[in-house]
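Asker: task: produce atomic coordinates for the following.
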Amino acid sequence: MSDFDLNLLVVFDALLRERNVTRAGSRIGMSQPSMSNALTRLRKAWGDPLFVRTPNGMEPTPLALRLAKPVQLGLATLREGLEQPFGFEAATSQRRFRLLMSDVAQVVVLPLLMKHLKVVAPLVKISALALPREDYANALETDRADLAVGNLPLLHGAFYQQRLFEDDYVCLIRNGHPLLKGKLELEDYLEAQHLTVINSVGDAMVSRELALRGLVRNTTLEVPNFLTVSNIVKNSDLLATAPSLVVRVQSPDDAICVRELAFSIPRANVRQFWHLRYHNDPAHQWLRAQLARLHHGMNEATGTDMNSVEEPSLLTPSSLLADSG
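Answerer: Numbering: from 1, shown residues only. Predicted coordinates:
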């Protein structure tokens, strides 16, 4: 350790996250030549290529993957230790927060958050990350993400969660659709053609509820997320099931009408999740407070009062050590 430049760990971490020398340099404020020089020094220090150029980017070697977790945990601990004594100055901070966001959160939460940050923290940056949901827990544990936000399955273990707001699932239908003549009955819902979102919690609940009755929807189109739903519904006879806030945000005009579902499913429950290690971190506390404050009014509008922090299943130090092995 006495002969090793610890600044190279920051370079290693950036390369591990970006898998690209230029983007990694931008992440930590280094030029491409400086990054290449630092990578050469890293390779010499560990006697291993560490990152190998492939068509998919700079892929880590087995040694780099073994080093990844201890390096990232070490840097996260150091960062937390250096920041905590001094608090967090939102007005002048240039911190970049990395948020795992469901597509509903991107549609509803992200625009509100960015508008708010422009006023209270104009230099703060946000990266909205896209990962498979099964990777969320690991990303929060290993400091690849600060928060997860969305209508997500609960994360069990060393995680806190805070409910931001709830919303009803409704049926979206274009203005002028033949089915708009009255209340949308179950028979009408089943006869219509549907647009569904792959891996949508709401669509999964609809399918389960109908299956219990021995029924199934006529799904004509599947899309990967909610970002295109409103535009497609406006321009077709397809019906879609989505949280009502999605249509309010994406289509505030009268091009889309909202109808209650003819059967009951649980409401959409949007939460923010974070790892136990960052529960007392000032920067994290500040960001979580901003998200909760933004949606206080939304809670009132939807008739809920959900701003209560729920304790996670806390692990003992011995359990943490056992899990890390």
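Asker: quick one: low-confidence ranges for this protein?
Answerer: Along the chain, the parts satisfying pLDDT under 70 run over 1-2, 80-86, 251-253, 296-325.
Asker: do a quick rundown of the strands in it.
Answerer: With DSSP state E applied, the chain shows strands at 51-54, 57-60, 96-101, 125-129, 147-150, 159-167, 169-174, 193-197, 218-223, 239-243, 256-259, 268-275, 309-310, listed in chain order.
Asker: what number of residues lie near the residue lying closest to F97 once chain neighbours are set aside?
Answerer: Of all residues beyond its chain neighbours, the one nearest F97 is D146 (4.9 Å), with distances taken as Cβ to Cβ, 6 or more residues apart in numbering. Yep, even glycine has a C-beta here, placed from its N, CA and C like the rest. The local packing of D146 (other Cβ atoms under 10 Å) involves 25 other residues.
Asker: so how far is L239 from D146?
Answerer: Noted for D146: a distance of 37 Å to L239, by Cβ to Cβ, to the nearest Å.
Asker: with E185 instead?
Answerer: Using Cβ to Cβ, one obtains 13 Å as the distance from E185 to L239.
Asker: more neighbours, these two?
Answerer: Ranked by neighbour count (other Cβ under 10 Å), E185 and L239 place L239 first, with 24 against 11.
Asker: I figured that one hits P178, correct?
Answerer: No - taking Cβ atoms under 8 Å as the contact criterion, L239 and P178 are not neighbours in contact, 11.5 Å apart.
Asker: distance check, P153 against L65.
Answerer: To L65, P153 is 27 Å away according to Cβ to Cβ.
Asker: what is the burial count for T92?
Answerer: Here the neighbour count serves as a burial measure; for T92 (other Cβ under 10 Å) it reads 10.
Asker: tell me which residues in stretch 46-65 are buried?
Answerer: Going by neighbour count (16 or more other Cβ atoms under 10 Å), the buried part of stretch 46-65 is 46, 50-51, 58, 60, 64.
Asker: which pair in these spans the largest distance?
Answerer: Put simply, by Cβ to Cβ the two of the buried residues of stretch 46-65 set farthest apart are W46 and M58, 15.2 Å from each other.
Asker: does N56 really touch N20, like I thought?
Answerer: No - taking Cβ under 8 Å as the contact criterion, N56 and N20 are not neighbours in contact, 10.1 Å apart.
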